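1. missing the sequence, but the structure's below:
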């Protein structure tokens, strides 16, 4: 049986916690693996992801019914591509309310698409409450993301993944050097990884660590599905595969 294609929704109810950076990394990770990839930028005032990938990412404003229909129709019409949504904190509540109202998760799964919410966790009690409410109301797959540059610590029990073995995705803390390099307007993670003159740098290691996190998560996701369908043992737990 064919495995469902992921629809990644990078989300948080709080601003400026690295959602667009995570979406950028995920887009390039998927492209490095030669997977058909499409993105959607739901930040109408600052469509930073769309500006980085003008040929791959569609900016969409879901403030009105027309924008909502445009987005969800497109998502359902493309079961062959791995899709990435950069969900700004502004349309956060509206997006998930519409998603629930139209029964999007169930319809997406019927078409071979698996909605996966990559929820950026932090130490705020309000963020934890928002995560708990979403998990109760929406039957999507939820996976917490720890962006170490934004939140050094948080209560992991407040952000349980849909399945324990899915674990969490960790984005290592950025040094000023790395931040300065990756914020350049035309910077490409994959193009940089292909350059090894003088040996690997701190930037190579940082990108490599995150790509390893994505690979490990997708393996755990696959094994969890197989285990569920076969009624076998649980999928392997997350391993630390960071580049040294």
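-> Yes, it's here. If you're wondering where the values come from, they're calculated on a predicted model, not measured in any experiment.
2. Could I get the buried residue list for the helix or strand where residue 208 lies?
-> Per DSSP states H and E, residue 208 falls inside helix 202-230. Neighbour counts over helix 202-230 (16 or more other Cβ atoms under 10 Å) mark 203-204, 206-214, 216-218, 220-221, 223-225, 227 as buried. Just so you know, the C-beta spots here come from the backbone N, C-alpha and C atoms, and that holds for glycine as well.
3. phi, psi of residue 7?
-> Dihedral pair for residue 7: phi -120, psi 110, per degrees, to the nearest 10.
4. my guess is residue 76 meets residue 113, correct?
-> Yes - contact criterion Cβ atoms under 8 Å: residue 76 and residue 113 qualify, at 7.2 Å.
5. neighbour count winner among these two?
-> residue 113 (23 against 16; other Cβ atoms under 10 Å).
6. for the more buried one, phi and psi?
-> Torsion angles, degrees, to the nearest 10, at residue 113: phi -120, psi 130.
7. ok, now which ones touch residue 183?
-> Contact analysis of residue 183 by Cβ atoms under 8 Å, 6 or more residues apart in numbering lists nothing.
8. Tell me how far it lies from residue 162.
-> 33 Å (Cβ to Cβ, to the nearest Å).
9. go on, residue 85?
-> 18 Å.
10. Please apply the same query to residue 147.
-> Applying Cβ to Cβ to residue 147 and residue 162 gives a distance of 20 Å.
11. repeat for residue 59
-> 29 Å.
12. More neighbours: which of these two?
-> The residue with more neighbours, out of residue 59 and residue 162 and counting by other Cβ under 10 Å, is residue 59; that gives 18 against 15.
13. Going by residue numbers, what spans are strands in the protein?
-> With DSSP state E as the criterion, the chain has strands at 5-11, 37-41, 57-59, 82-86, 113-120, 141-147, 169-171.
14. Can you pull out the low-pLDDT segments for the protein?
-> 1, 198, 229, 231-244 (pLDDT under 70).
15. one more time with 50, if that's ok
-> The model of the chain has pLDDT under 50 over residues 242-244.
16. Test my guess that residue 117 contacts residue 143.
-> Yes - Residue 117 lies in contact with residue 143 (Cβ under 8 Å); the separation is 7.1 Å.
17. between these two, which one's more packed in?
-> The neighbour comparison of residue 117 against residue 143 (other Cβ under 10 Å) goes to residue 117, with 25 against 22.
18. Can you tell me how far the nearest residue to residue 67 once chain neighbours are set aside is from residue 8?
-> Nearest residue to residue 67, sequence neighbours excluded (Cβ to Cβ, 6 or more residues apart in numbering): residue 61, at 4.7 Å. Distance of residue 61 to residue 8, given as Cβ to Cβ: 20 Å.
19. residue contacts, the residue nearest to residue 67?
-> With Cβ under 8 Å, 6+ apart, residue 61 has these contacts: 42, 44, 67.
20. repeat for residue 120
-> 10-12, 14, 17-19, 22, 144-145, 147, 150.
21. Show me which of those residues is closest to residue 138.
-> Nearest to residue 138 out of the contacts of residue 120 is residue 11 (Cβ to Cβ; 11.0 Å).
22. beta partners for that closest one?
-> Residue 11 has these beta-bridge partners by DSSP bridges: residue 119.
23. right, and it touches residue 119 too?
-> Yes - the pair residue 11 / residue 119 is scored as a contact, 5.6 Å apart, by Cβ under 8 Å.
24. Residue 44: what's it in contact with?
-> 59-61, 63, 88, 90.
25. Those into TSV, with extra columns for distance to residue 155?
-> Compiled in TSV, the contacts of residue 44 are given as follows (distance: Cβ to Cβ, whole Å):
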residue	distance to residue 155
59	35
60	33
61	35
63	34
88	25
90	26
